[in-house]
Structures are given as C-alpha cells and as structure tokens.
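J.: after the sequence you'll find the predicted model.
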Amino acid sequence: MSDNFLDKVYAARSAEETRTIYDAWAASYEAEVGANGYATPGRCAAALASCCNDLTPPILDFGCGTGLSGLAFSLAGFTTVDGIDVSHEMLAQAKSKSVYRKLTQVSADASLDEGAYSLIAAIGVIGAGAAPVSALDRLMHALPKDGKLVFSFNDHTLEDPVHEARINEWTDCGAARLLLRERGPHLPGLGMQSNVYVLEKK
C-alpha cells in the first residue's frame with residue numbers, strides 16, 4: 001500500500017486536519033483496516049444488542065466513517081441507523097452500503113439534538129488522533145434518561161488515563177451506569193486491542 005494511514009492517524013492534530021486526513025483515507029480505509037482484522041464495530045454492535053430489549057429505536061452512529069459500524073449494527077439486528085461524520089468522502093463510502101436511513105456531514109463541534117436518539121454509538125471516535133474526551137460528555141448529555149451509549153477506546157487512547165477517568169466521573173456520581181466493559185481485539189493484525197463500553201444514562 002502506497003500510503004499507510006494507520007501509521008499516522010493516532011497523532012494529535014486539529015479538527016480540520018483530522019477531516020482532511022479522513023477524506024484522503026476514505027478510498028483505502030476499509031482495505032487497510034480489513035487487512036488488520038478490524039473487530040471493534042462488530043464487538044460494539046453485539047455489546048449494545050446484549051443490553052437492549054428492543055432493537056428498533058433509531059441509532060445515531062456518531063463518526064460513522066465509511067459505514068462499517070452501520071453495517072455491523074444492521075447485521076446485529078438493529079433496524080434503523082443514522083450516521084454523521086466530518087468527512088464528506090467517508091460519508092460517500094457509507095452511502096454505498098445502503099444500511100443508513102440518513103447520512104449527514106457535520107462540523108467537529110456540531111451540536112446534537114438532546115433526546116433525539118435513545119441509542120448512540122461512537123466506535124473508534126473518541127481518543128488519540130480523533131475526537132477529544134469532551135465528546136463523551138456531549139454524547140451523554142444528548143441521551144434521554146435510560147438512553148444508552150456504546151463506544152470504544154483502543155490501546156493508544158487507553159494510554160491516557162483521562163479517558164477512563166471520564167467514564168468514572170459519570171458513574172461515580174450516579175449520572176450513568178456502566179452496563180458493560182469488555183476488552184478484546186481491535187486490530188489484531190497490529191496486535192492492538194480495545195475496550196468496548198455501554199453506558200446507560202440515569
């Protein structure tokens with residue numbers, strides 16, 4: 001492969017630089033992560049399904065990328081998935097999968113309609129080289145009572161304890177309940193793992 005984005009995607013940069021790199025990566029993204037056995041979308045979809053009695057409420061796939069996460073949710077039995085992302089080129093790839101009800105390009109600091117979705121996913125979105133940990137707060141505030149957020153932190157992200165500390169801030173005060181925390185493969189071809197979490201807002 002002429003340009004290996006996994007070698008540089010975890011570096012810190014501005015939101016505009018992040019959008020630019022994901023636009024450039026869109027065409028080769030699935031080949032690159034697929035070659036390394038990208039497992040986190042399927043793990044997140046299975047985790048959320050295990051915590052839900054009803055798979056019909058719409059899910060907001062925050063940072064949906066090329067749509068691998070939407071495809072995973074569809075395969076897990078969820079019926080309605082909406083996606084948003086900062087990258088126009090990534091969204092074009094997601095549209096081709098025909099698993100999303102709607103897809104919307106947003107800015108990195110776009111506001112979310114509170115209560116619009118009782119299920120939100122942020123798969124590989126928060127952490128090193130991507131959205132800041134404050135995005136976790138934005139997503140939790142957007143959920144209604146009893147709403148659920150499924151998300152992942154990979155090994156690069158877990159190197160900074162601020163990320164799991166933010167989960168503890170939500171659970172320690174009783175504002176949320178941790179329904180699931182599971183460690184497992186992320187990019188096994190690179191020897192990388194991730195934690196998958198499901199938080200329920202109280």
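T.: Structure's in. What do you need?
J.: so where is the chain shaky, pLDDT-wise?
T.: By pLDDT under 70, the weakly predicted segments of the chain are 1-15, 17, 19, 22, 25-26.
J.: what segments of it are strands?
T.: Along the chain, counting by DSSP state E, strands occupy 59-62, 81-85, 102-105, 119-122, 148-154, 176-187, 192-201.
J.: any chance of those strands in TSV, with distance to residue 53 and mean neighbour count too?
T.: C-beta here means a position set from N, CA and C on the backbone, and glycine is covered the same way. Below are the strands of the chain laid out as TSV (distance: least, CB to CB, whole Å; neighbours: other CB atoms under 10 Å):
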stretch	distance to residue 53	mean neighbour count
strand 59-62	15	27
strand 81-85	18	23
strand 102-105	25	15
strand 119-122	12	26
strand 148-154	11	25
strand 176-187	12	17
strand 192-201	12	21
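J.: tabulate those (a markdown table), appending distance to residue 137.
T.: Formatted as a markdown table, these follow (distance: least, CB to CB, whole Å):
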| stretch | distance to residue 137 |
| --- | --- |
| strand 59-62 | 13 |
| strand 81-85 | 17 |
| strand 102-105 | 21 |
| strand 119-122 | 12 |
| strand 148-154 | 11 |
| strand 176-187 | 11 |
| strand 192-201 | 11 |
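J.: closest one to residue 30 among these?
T.: In terms of CB to CB, the element of these nearest to residue 30 is strand 176-187, at 12.9 Å.
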